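> starting from these lines, generate the structure:
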Amino acid sequence: MLRDEVPRVPRIDLNLLRVFDAVYEDRSILLASKRLHLSQSAVSHALTRLRESLQDELFIRTARGMQPSARAEAIAGPLREALLTIQRTVGVEAFDPARATRTFTLAINDYLSSVLLAPLLRRLAQQAPGVDLVVRPVTRLDLAEQIDVGRIDLALGVFAELPRRVHSTCLWQQQDVLLMDPGHPLLKLPEVTLEALADCPLITLSVGGQEEGAVNGYILERGLARQSEMFDRQRLEQAFASIGRQPRYQLTLPHSLVLPELLAQSPLVAIVPGPLARAFERRFALCPRALPLALEAAPLMAIWHGRNSADPAHAWLRQQLLEVAATLSAESH
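Got it, this is the predicted structure:
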């Protein structure tokens, strides 16, 4: 290529790009200023300079915060990758939990929030008092996109497929179990049978259906297949069909924390993950029982974008989650 054919690259201060990245992630000048340890006026001034350089509005102030323009949406992902590449190239500062000030965003459902967050926060209070958490719903339909653009640091759930760009670790293996009131008639039986269960109205947990793109109990987006139903519907219905019956799904819920109230003095039986059943057994004296069919355990995964694998702070948080999960698993046995 001739010298005069080399494309000209705009001369932009790298600090302006860091400001753009923070405002894009937080959708707020105030939050971005706190993240960057700058004044709000400094962030606003940096955005003005960047707008002039790129000749685009970039962000529009609305009642819902700073909404990105089409140009901002287009450059946000590549820009985040470039900033992380620069960070890895020039070296990453060691992470000192006791002195760190950082916010991590987790995508978790209410069941995992009720089981994991309290012991995780106790660890943070002891080891990293300046580290904060933001919890987003793992049920959102653009979960993969949010991981890709860096708005979610870790997502927890059951995943059938992971694209190469997403890394993972297993927190525990979980199985579906039955959960019921201590006065439920099923508890008078030596063991719960399919025939007895077929007479019971069921509560099941489902965070998405076919209308939201779910296929065979999983939502597929950008190569990420994540669980939409928190029980093995196919195996359950096959088992009922073997005795000529069909399950009665009297109530399907997108969340689990209302279950103790619904099950109290009720003929309803819920199908829930084992860790949630054990937590409700301790807190509300509800009774878990094994399902009368063979089910494989499902791995409960923590997933993140591969670009964060080498980040010491991110690695530290993943280790805390693993240690909390190990403690919970030990307590349940």
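> for the protein, name the helix or strand with the lowest mean pLDDT.
strand 214-215 (a mean of 67; mean pLDDT, DSSP states H and E).
> whichever helix or strand comes after that strand: partners in the sheet, and parallel or antiparallel?
As assigned by DSSP states H and E, the chain's next helix or strand after strand 214-215 is strand 218-221. Next to strand 218-221 in the sheet, as set by DSSP bridges, lie strand 214-215 (antiparallel), strand 224-227 (antiparallel).
> now the last one: how far from the chain's centre is it?
The chain centroid and the centroid of strand 224-227 are separated by 11 Å under Cα atoms, centre = their mean, to the nearest Å.
> quick one: average confidence on the very next helix or strand once past that strand?
Going down the chain from strand 224-227, the next helix or strand is helix 233-241, by DSSP H and E. What helix 233-241 shows for mean pLDDT is 93.
> buried stuff in helix 233-241?
Arg233, Leu236, Ala239, Phe240 (16 or more other Cβ atoms under 10 Å). For glycine as for every other residue, the C-beta is placed from the backbone atoms N, C-alpha and C.
> next, count neighbours for the residue nearest to the second one when sequence neighbours are not counted.
It stands for Leu236. Among residues not flanking Leu236 along the chain, Pro247 sits closest, at 6.0 Å (Cβ to Cβ, 6 or more residues apart in numbering). The local packing of Pro247 (other Cβ atoms under 10 Å) involves 19 other residues.
> so who does Pro247 touch?
Neighbouring residues of Pro247 by Cβ atoms under 8 Å, 6 or more residues apart in numbering: Leu197, Ala198, Leu202, Leu236, Glu237, Phe240.
> over to Asp110?
So Asp110 contacts His255, Ser256, Leu257 (Cβ under 8 Å, 6+ apart).
> ok, of these, which come out buried?
Ser256.
> which one of the contacts of Asp110 is nearest to Arg165?
Nearest to Arg165 among the contacts of Asp110, counting by Cβ to Cβ, is His255 at 29.4 Å.
> what are the ranges of the strands in the stretch 151-300 of the chain?
Secondary structure of the stretch 151-300 of the chain (DSSP state E, counting those that start in this stretch): strands at 154-157, 159-161, 166-174, 176-180, 201-205, 214-215, 218-221, 224-227, 248-253, 269-273, 287-290, 298-305.
> let me have those strands in CSV, adding distance to Met66 as columns.
Output for the strands of the stretch 151-300 of the chain, formatted as CSV (distance: least, Cβ to Cβ, whole Å):
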stretch, distance to Met66
strand 154-157, 24
strand 159-161, 32
strand 166-174, 28
strand 176-180, 43
strand 201-205, 35
strand 214-215, 32
strand 218-221, 25
strand 224-227, 27
strand 248-253, 35
strand 269-273, 38
strand 287-290, 46
strand 298-305, 23
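> which one of these lies closest to Ala98?
Closest to Ala98 of those, according to Cβ to Cβ: strand 154-157, at 21.3 Å.
> helices or strands up against the closest one?
If you count contacts as 3 or more Cβ pairs under 8 Å, 6 or more residues apart in numbering; DSSP states H and E, strand 154-157 packs onto strand 102-107, helix 110-127, strand 298-305, helix 312-331.
> how about 7 Å then?
The contact analysis (3 or more Cβ pairs under 7 Å, 6 or more residues apart in numbering; DSSP states H and E) places strand 154-157 against strand 102-107, strand 298-305.
> enumerate residues external to the longest one that contact any of its residues.
Defining contact as Cβ atoms under 7 Å, 6 or more residues apart in numbering, one finds that strand 298-305 is touched by 147-148, 153-159, 162, 165-174, 314, 318, 321.
> list buried residues within the residues you listed.
The neighbour-count criterion (16+ other Cβ under 10 Å) marks 147-148, 153-159, 166, 171-172, 174, 314, 318, 321 among those as buried.
> nearest to Leu58 among those?
Asp148 (19.6 Å).
> so where does the closest residue to the closest one other than its chain neighbours fall, helix or strand?
Leaving aside its chain neighbours, Asp148 sits nearest to Gly77 (6.1 Å; criterion: Cβ to Cβ, 6+ apart). Assigned by DSSP H and E, Gly77 falls within helix 70-90.
> which other residues reach that helix?
Helix 70-90 has contacts (Cβ under 7 Å, 6+ apart) with 17-18, 20-21, 24, 54, 56, 58-59, 68, 148-150, 307, 310.
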